[in-house]
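Pasted the sequence and its predicted model underneath.
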Amino acid sequence: MIDKTVGTAAAAVADIGDGATVMIGGFGTAGMPSELIDALIDQGARGLTIVNNNAGNGEVGLAALLKAKRVRKIICSFPRQTDSYVFDALYHAGEIELELVPQGNLAERIRAAGSGIGAFFTPTGYGTLLAEGKETREINGRNYVLEYPIEADFALIKAQHADRWGNLVYRKTARNFGPIMAAAAKCTIVQVREVVNLGDLDPEAVVTPGIYVRRVVEIPMAAKFVAQPGAAA
């Protein structure tokens, strides 16, 4: 019987080793697998290469992983925001390496890894510092830069629902990088709000098929309200 569910976030990330390349889903905090990141911090892996859209917000989630000094290098599109002070401090101290990738290129490089594409030409970045040292080519009168896929040992992503086979349904914009990261990693680990029975997911709504998922951990959303004395349950 196929059952990809695991009991805890700690168990889900237990085998992420030092020096691993880890993709982390999320667009800012939307779709960020916070509990999996917290479990990774507790687990203690170091020297990680992180692939994410940005470089963390405040001191939670990805920023907390950076603050714990577990990250050697980050590959992202938006390293500096108003609340990216953890990354800023590490970068200016020379304690973290940055590979800056335009967002469209980042998404396509991840997608290429999952699709088995060896490399691709893109006009984005041509003539800038981001193209230095890279192969360029003129195609039909337009200049392009050769970019290579980004692969990962692990992907940590968040979805709304899953079944025990690992089929995933996302919630609105929380979907963002999840599907392409799931396909680009050797081992995809997913936190979901609810694991449902087989057959409960509408096949038309499944975005990530279970073939791309190795582990699923259910982390229900915390209750938004606490019942007041005398209030109806």
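Arrived safely. Numbers count the residues shown, from 1 in each chain.

What residues sit buried inside the longest helix seen in the chain?
Longest helix of the chain, by residue count under DSSP state H: helix 103-115. For helix 103-115, a neighbour-count test (16 or more other Cβ atoms under 10 Å) marks Asn105, Leu106, Ala107, Glu108, Arg109, Ile110, Arg111, Ala112, Ala113, Gly114 as buried. From N, CA and C alone the C-beta is placed, and that goes for glycine too.

between those residues, which is closest to Asn176?
Nearest to Asn176 among these, counting by Cβ to Cβ, is Ala107 at 9.2 Å.

ok, the residue lying closest to the closest one once chain neighbours are set aside - contacts?
Leaving aside its chain neighbours, Ala107 sits nearest to Ile180 (6.4 Å; criterion: Cβ to Cβ, 6 or more residues apart in numbering). Taking Cβ atoms under 8 Å, 6 or more residues apart in numbering as the contact definition, Ile180 lies against Ala107, Ile110, Arg111, Gly114.

Show the backbone phi and psi for Cys76.
Per-residue torsions, Cys76: phi -160, psi 180 (degrees, to the nearest 10).

how near is it to Pro209?
Per Cβ to Cβ, to the nearest Å, Cys76 is found 27 Å from Pro209.

again with Leu40
Distance, Leu40 to Pro209, by Cβ to Cβ: 25 Å.

Mind checking which of the two has more residues around it?
Under the criterion of other Cβ atoms under 10 Å, the comparison of Leu40 against Pro209 puts Leu40 first, with 28 against 15.
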